[in-house]
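S.K.: Structure for this input, please:
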Amino acid sequence: MAAFSWPDYAVLGGYGLTVLCVGLWAGRRERDTQDYFLGGRRQHWLVACLSLLATEISALTFVTVPGLSFAGNCYYLQYFVGSFLARLAIAAFLLPAFYAGGVTTVYEYLGQRFGPWTRTAATLLFFVSRLIGSGYRLLACCLALSVVTGWPLESVIVATLLVVLGYTTFGGIKAVMFTDVLQALLVVGGPVVVAVFLVRQLGAGPGELWVTAAQAGKLRVFDFSLNPQSDKVFYPAAINAFFVTFAALGTDQALMQRLLTCPDLRRSRRSLLVQAVVAFPVVCLFLGTGVLLYLYYRQHADPSLPAVSDKVFPHFVVTVLPAGLKGLLIAGLLAASMGSLDSALQSLSTSAVVDLVRPTRLLRSDRAELRAARLFVVLFGLLLLGASIGFARSQRLEGLILQAFEMSSLVFGPMLGIFLLAVFTRHRGRDRANVLAMLSSAAALVVLRESQRHYEVSFVAWPWYVVIGTAWTYLLACLFRTRRAEDDFAHLPS
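M.R.: Sure thing, here's the model as predicted:
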C-alpha cells in the first residue's frame, strides 16, 4: 500500500487550517441564539444552497455510491426521480407553512398546529433518526480513512468527531454554512479529478468507455418489474425516495434549517430548487466514478482489492493515485463527512434548546440559552460517537448508504405522516392522539422489519417502510378531530 507523502499531508493540513479559519471567521459575531441558530435570517440563498448540497452528499455518498455502481449498476439513480419530485412538493407546501409560522425549528410548527405533545414526540423522533443517519455517515467516512491510514477504525471515529466539534460548538449555523460552501466545492472537485485520471489511465475515449460499460451492464438504471420484494425496482425506489426526501428535507431540522436562514420564502424556494437541479449531475458523477473503477480493475487486476465494495474507492485512492491527488481525495472525503456531521450537531442542539428547553422557561435569558446550545453540541457529539462505534461493531459494513436509508425509513414515515396532516387538513389531529399514531407506526415498522429478518422472509422490501409508516400515521391521526379551541390558525396558509 502506497504511503502518504509530504504533498498529501500538505493538502490535508491546508484543508484543515482553511476550514478552521473559515469557521472562526464566519462565527465570530454570535450575539444571540437567533444568530447561532438561523444566522439572523439574513443568509444568501446561494450559500444555503451549497450548504444543503454539502450536507446531503455526506461521506456515505462519497464512499458508498461509487461502490454501488462498481459492484452492480446505476440503479441508484432511480432514487433521484422521487427525490426531485419531493423537493417540488416541499417548496409548494411545507416551506410556506414554516415561513408563515415564523419558526426556528420545523417542530415549532407542529406545536402551533397541534400542541406540545406532538411537538415533543416529533423532536424525539428527529433525535433518533438523525443520530442513526449521522452515525452511519460518520462510520462511512472513518471506514475509508481507516483503510487509507491503517489506523484502528474506532480511533479514527473519535479523532474525526473531535475536529468537527471544535468549530461547530464555537461558530453556530454561520460557521457550519460557510465551511459547507468550501466543503461542497471540494467534495465535487475530488471525484472530477479522479474521473479524468481514470479516463487517461484506461487509454480510451469517452465513447469507447461508454460502450464497454454498457456491454458490461454497468449503465443500467431502470428496472420496471413488479417485484415488491426487491429494493432495486423503479417503483419502490422512486416512491421511497419521494417519501424519504420529503421527510428528510421537510421534517428533518438538519436540512431544513439551512433553508430557514434565508430572509424570505422566495429566496428559500430558490435555494431548494437550484440545489435539486445541481444534485443530479453530482449523483451521476459519483456513479460514473464507480463504473470507471470497474473498468480500471477489469483492465488492471488487483489481488488485494477489498471484497467490501464500500472500500474499493478508498483502496484505489491509496494504492493508485499519485502524491498530492491522494491527499486531495482524502480531504474531499473529510469534507463530505464534516459537511453532514456539523449540520447534524448544530440542528440537534437547536432543536433541543428551542423545542425541549425553551418551553419549560428554565433558562431565563438568551445568553443562558446560547451556553446551553453549545453544551448540547458536545452532548450530541458523544451520543453520535456511541452510535457510530456501535454500528462499526455490528460488522455489517457493506452498502452502508442503503442500511442508513432502511433504518431512517422506520422513523421518517411517522414524522412525515404528522406533517402532512398538519399541512393538508385544518380540523384533524389531536395532540396526544398524534403521539399514539406516530409511536404505533414506528413500532409496527420495527416489528415488520425484525420479523422478516428473523424468519428470513421478505413480504415487502424496505423502501416501502416509509410509505407504510406515513399512511398508518396519517390515517390513524385523521380519526381524531382537533379541539375547537385549537381550530383558529389564522397565521397558517389556507
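S.K.: Next, the residue nearest to residue 407 when sequence neighbours are not counted: secondary structure please.
M.R.: In space, and not counting its chain neighbours, residue 407 is closest to residue 132: 4.8 Å by CB to CB, 6 or more residues apart in numbering. C-betas here are computed from N, CA, C, even on glycine. Reducing the assignment at residue 132 to three states with DSSP: H, G, I helix; E, B strand; the rest coil gives helix.
S.K.: Let me see the contact set for residue 132.
M.R.: 387, 404, 407, 408, 411 (CB atoms under 8 Å, 6 or more residues apart in numbering).
S.K.: Before we move on, what's the pLDDT of it?
M.R.: What the model reports for residue 132 is a pLDDT of 82.
S.K.: same deal with residue 165?
M.R.: At residue 165, pLDDT is 82.
S.K.: One more: residue 485?
M.R.: pLDDT, read off for residue 485, is 44.
S.K.: same deal with residue 403?
M.R.: Listed pLDDT for residue 403 reads 66.
S.K.: ok, now residue 115?
M.R.: 93.
S.K.: any chance you could read off phi and psi for it?
M.R.: Here is the backbone geometry of residue 115 (degrees, to the nearest 10): phi 140, psi -180.
S.K.: And the nearest residue to it once chain neighbours are set aside, how far from residue 390?
M.R.: Excluding its sequence neighbours, the residue lying closest to residue 115 (CB to CB, 6+ apart) is residue 431, at 3.4 Å. To residue 390, residue 431 is 33 Å away according to CB to CB, to the nearest Å.
S.K.: doesn't residue 133 make contact with residue 388?
M.R.: No: look at residue 388 against residue 133 with CB atoms under 8 Å: they stay out of range, at 11.0 Å.
S.K.: Give me the more crowded residue out of the two.
M.R.: Each of residue 388 and residue 133 has its neighbours counted (other CB atoms under 10 Å); residue 388 has more, 28 against 24.
S.K.: Can you report how many residues lie near residue 475?
M.R.: Residue 475: 13 neighbours (other CB under 10 Å).
S.K.: That one: helix or strand, and which one exactly?
M.R.: Using DSSP states H and E, residue 475 sits in helix 465-478.
S.K.: Point out the other helices and strands that that helix packs with.
M.R.: helix 234-250, helix 400-424, helix 431-455 (3 or more CB pairs under 8 Å, 6 or more residues apart in numbering; DSSP states H and E).
S.K.: angle of the shortest one against helix 400-424?
M.R.: In this case it means helix 234-250. Helix 234-250 and helix 400-424 meet at an angle of 70 degrees, taking axes from the mean of the first three to the mean of the last three CA atoms, to 10 degrees as the criterion.
S.K.: Go ahead and name everything in contact with helix 234-250.
M.R.: By CB under 8 Å, 6+ apart, helix 234-250 touches 75, 78-83, 85-87, 89-90, 94, 106, 222-224, 226, 228, 230-231, 255-256, 272, 405, 408-409, 412-413, 415-416, 419, 461-467, 470.
S.K.: Any of those residues buried? List them.
M.R.: 75, 78-83, 85-87, 90, 94, 106, 230-231, 255-256, 272, 405, 408-409, 412-413, 415-416, 419, 461-467, 470 (16 or more other CB atoms under 10 Å).
S.K.: How far off centre is stretch 265-277?
M.R.: 18 Å (CA atoms, centre = their mean, to the nearest Å).
S.K.: er, stretch 256-276 actually
M.R.: 17 Å.
S.K.: do the same with stretch 119-135
M.R.: Relative to the mean C-alpha coordinate of its chain, stretch 119-135 is positioned 13 Å out (CA atoms, centre = their mean).
S.K.: hey, C-alpha coordinates of it in CSV?
M.R.: Presented in CSV, the C-alpha positions along stretch 119-135 are these (Å, rounded to 0.1, in the frame of the first residue of the first chain):
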residue,chain,number,x,y,z
ARG,A,119,-44.0,18.8,19.0
THR,A,120,-42.1,16.9,21.7
ALA,A,121,-42.7,13.4,20.1
ALA,A,122,-41.6,14.7,16.7
THR,A,123,-38.5,16.2,18.2
LEU,A,124,-37.5,13.0,19.9
LEU,A,125,-38.1,11.0,16.7
PHE,A,126,-35.8,13.5,14.9
PHE,A,127,-33.1,12.8,17.5
VAL,A,128,-33.4,9.1,16.8
SER,A,129,-33.4,9.4,13.0
ARG,A,130,-30.6,12.0,12.9
LEU,A,131,-28.3,10.0,15.3
ILE,A,132,-28.9,6.9,13.2
GLY,A,133,-28.3,8.6,9.9
SER,A,134,-25.3,10.6,11.0
GLY,A,135,-23.8,7.6,12.8
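S.K.: any low-confidence regions in the stretch 251-400 of the chain?
M.R.: For the stretch 251-400 of the chain, residues meeting the criterion pLDDT under 70 lie at 394-400.
S.K.: And the helices in it, which stretches?
M.R.: Taking DSSP state H, counting those that start in this stretch as the test, the helices found in the stretch 251-400 of the chain are 253-259, 265-299, 312-319, 325-351, 366-393, 400-424.
S.K.: now these as JSON lines including distance to residue 158?
M.R.: Formatted as JSON lines, these follow (distance: least, CB to CB, whole Å):
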{"stretch": "helix 253-259", "distance to residue 158": "22"}
{"stretch": "helix 265-299", "distance to residue 158": "27"}
{"stretch": "helix 312-319", "distance to residue 158": "19"}
{"stretch": "helix 325-351", "distance to residue 158": "13"}
{"stretch": "helix 366-393", "distance to residue 158": "7"}
{"stretch": "helix 400-424", "distance to residue 158": "19"}
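S.K.: wait, which of the ones you listed is closest to residue 11?
M.R.: helix 325-351 (3.3 Å; CB to CB).
S.K.: That closest one vs helix 312-319, what angle?
M.R.: Going by the same axes, to 10 degrees, helix 325-351 makes 130 degrees with helix 312-319.
S.K.: what about helix 325-351, distance to the chain center?
M.R.: 11 Å.
S.K.: ok, and what's touching stretch 458-468?
M.R.: So stretch 458-468 is contacted by 228-231, 233, 236-237, 239-240, 243-244, 247, 405-406, 409-410, 412-413, 416, 441, 444-445, 448-449, 452 (CB under 8 Å, 6+ apart).
S.K.: then it to CSV, C-alphas only?
M.R.: C-alpha atoms of stretch 458-468 as CSV (Å, rounded to 0.1, in the frame of the first residue of the first chain):
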residue,chain,number,x,y,z
SER,A,458,-39.3,-10.8,2.6
PHE,A,459,-43.0,-9.8,2.4
VAL,A,460,-42.2,-6.2,1.4
ALA,A,461,-38.8,-4.6,0.6
TRP,A,462,-37.5,-1.9,3.0
PRO,A,463,-38.2,1.0,0.5
TRP,A,464,-41.9,0.6,1.3
TYR,A,465,-41.4,1.1,5.1
VAL,A,466,-41.6,4.9,4.8
VAL,A,467,-44.8,4.7,2.7
ILE,A,468,-46.5,2.3,5.2
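S.K.: how distant is it from the center of its chain?
M.R.: Per CA atoms, centre = their mean, the displacement of stretch 458-468 from the mean C-alpha position of its chain is 20 Å.
S.K.: I'd like the mean pLDDT over it, please.
M.R.: Stretch 458-468 comes out at a mean pLDDT of 80.
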